[in-house]
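Asker: just to be clear, the model below is a prediction. Sequence and coordinates:
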Amino acid sequence: MSQYDVDLFVIGGGSGGVRAGRIAAEHGARVAIAEADRWGGTCVIRGCVPKKLFVYASEVSRAIDDARGQGWTIEGATFDWPTLVAGKDREIARLSAAYADRLRRAKAEVIEGRATLVDPHTLELAGGRRVTAGTVLVAVGGTPRRPPGDWITSDEAFHLPALPARLVIHGGGYIAVEFAHIFAGLGVAVTLIHREPLPLRGFDPEVREEAAIGLRAHGVDELGGFDVAERTETGVVVRDRETGDTRAIAAEIAMTALGRRPMTTELGLEACGVALDANGFISVDEWSRTNVPNIYAVGDVTGRVALTPIAIREGHAFADTVFGGRPTSITHDLIPTAVFAQPAIATVGLTEPDARARGDVRVFRARFKSMRYALTGRVEHVLIKVIVRASDDVVVGLHVVGPDAPEIVQAAAIAITMGAKKSDLDRTFAMHPTTAEELVLLR
Ligand code: NDP
């Protein structure tokens, strides 16, 4: 019998913590897991899941527009925001309960409330109870960075009492772009302000261009190369970074999406000597181990890659390593990722500039009008771009913008992870007519 109350104490019931706790318990560990808010974490409660539900709802306005050219008359279509919010809340409640239930079925002790570290092996719970643990996993995630002033973040955007007529969004990353499309599709006049000339820094340059085109085509007033100078009572004042000119933009609500910070304060990490980086993220090695040997961390709190499937993989690898007798380290290569814009963006592997920096490449691309819109009058292009390492013909990057891009890239990512060569794409039969067939027809 171990000298500790439990073998593993997990702080945080989000994607990474829940997976780690469940797998460790299935490996036979005695597990306790604490969550201070709601089970499911960012992804389930205020991230991927509600966002995707909003994307689906928002896309309906496009479908209605497109339907006209296909012979439909749709009269009197109206949208009710409270219905969407309530439906989303019901689905989140269902998922959140399922997360906790799954843990209980795995025989983990499920603790609702905050847990803080007193020392590397002791946790204090709300109410004063203390639990000792052989291993501690910190999986507390992150929270939006908030500038001073009257700004909402994505957290509040999910619960607005009513849709505004005009909304300003500051930021050019995933959240800013996705929410600009969501609200534009729901009929809000959206202005998107970001400091780079193009949104989505870090993505392939051609994808970024398509992202800007897509935003404008969706009616978003996309202002690249601007700073926010001031939040006023009636909106914001923006400043052109090149000319210094300022301009006032009216909006009832201003939303900020400037990245996220880790929730590492008041956890007792400092008292235990856990090393944080300059931005407060927990520093870990490829085993997700901190500098304190029995304390590990996974997910957004580590600042590695802030994506749900990565947190899940990290949590699972941790549990297999520490409790399953299967050492599994984590590398963060070839991560497929999607921005659920309208049209969607998805990518796996290297951008063209990154690939070129590593050696000679061949680049194949197709940019075409999707058949989906042939009758609708919608002017929207699909981009499929494949980057191939010249030395051995291996596909090192795939970038798709267009309907179903995330579905296409997720499937293609299997082949790319297996080391597919361009010649493998070439010998794959096309499925006609599809968007994805262009992937095997690029010459
Ligand atoms: P991102 O890191 O994606 O984007 C942050 C944006 O804020 C960038 O455009 C950045 O500009 C800008 N920014 C940062 N600081 C400043 C500043 N001081 N002044 C002006 N602009 C600034 O963060 P998000 O908040 O959008 O999302 C957080 C993370 O959550 C994402 O990185 C992603 O990992 C994850 N996520 C994933 C989603 C998905 O998988 N579909 C959806 C939503 C979130 P610049 O580029 O110039 O630095």
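Answerer: Looks like it came in fine.
Asker: now for the residue in the stretch 101-250 of the chain that the ligand sits nearest to, how many residues are close by?
Answerer: Residue nearest to the ligand within the stretch 101-250 of the chain (Cβ to the nearest ligand atom): Gly173, separated by 1.9 Å. C-beta: built from backbone N, CA, C; applies to glycine. By the criterion of other Cβ atoms under 10 Å, Gly173 has 18 neighbours.
Asker: that one and Gly259 touch, don't they?
Answerer: Yes: using Cβ atoms under 8 Å as the test, Gly173 is close enough to Gly259 to be in contact (6.7 Å).
Asker: any idea how far Ala357 is from Asp80?
Answerer: 50 Å (Cβ to Cβ, to the nearest Å).
Asker: scratch that, Phe281 is what I was asking about
Answerer: 26 Å.
Asker: how about the residues of this structure near the ligand?
Answerer: Residues of the chain lying close to the ligand (Cβ under 6 Å from any ligand atom) are 171-176, 178, 194-196, 201, 257-260, 306-307, 337-340.
Asker: wait, what's in contact with Asp204?
Answerer: Taking Cβ atoms under 8 Å, 6 or more residues apart in numbering as the criterion, Asp204 is in contact with Thr347, Thr351, Glu352, Pro353, Lys385, Gly397, His399.
Asker: what ranges do the helices span in the stretch 1-150 of the chain?
Answerer: Using DSSP state H, counting those that start in this stretch, the helices of the stretch 1-150 of the chain run over 15-26, 41-46, 48-69, 81-105.
Asker: ok, Ala366 - how many residues close by?
Answerer: 17.
Asker: related to what we said a few turns ago, of the contacts of Asp204, grab the buried ones for PyMOL.
Answerer: Those of the contacts of Asp204 that count as buried under 16 or more other Cβ atoms under 10 Å are selected in PyMOL with:
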select buried, resi 347+351+352+385+397+399
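Asker: what pLDDT does the residue nearest to Tyr373 when sequence neighbours are not counted get?
Answerer: Among residues not flanking Tyr373 along the chain, Glu380 sits closest, at 5.9 Å (Cβ to Cβ, 6 or more residues apart in numbering). Here, the pLDDT recorded for Glu380 equals 96.
Asker: got the contact list for Glu380?
Answerer: Contacts of Glu380 (Cβ under 8 Å, 6+ apart): Gly214, Ala217, Pro343, Lys369, Ser370, Tyr373, Gly402.
Asker: what's the closest non-adjacent residue to the residue of the stretch 101-250 of the chain closest to the ligand?
Answerer: Nearest one to Gly173, counting by Cβ to Cβ, 6+ apart, is Ala257 at 6.3 Å.
Asker: hang on, isn't that neighbour packed against Val168?
Answerer: No: in this structure, Ala257 is not within contact of Val168 by Cβ under 8 Å, at 11.1 Å.
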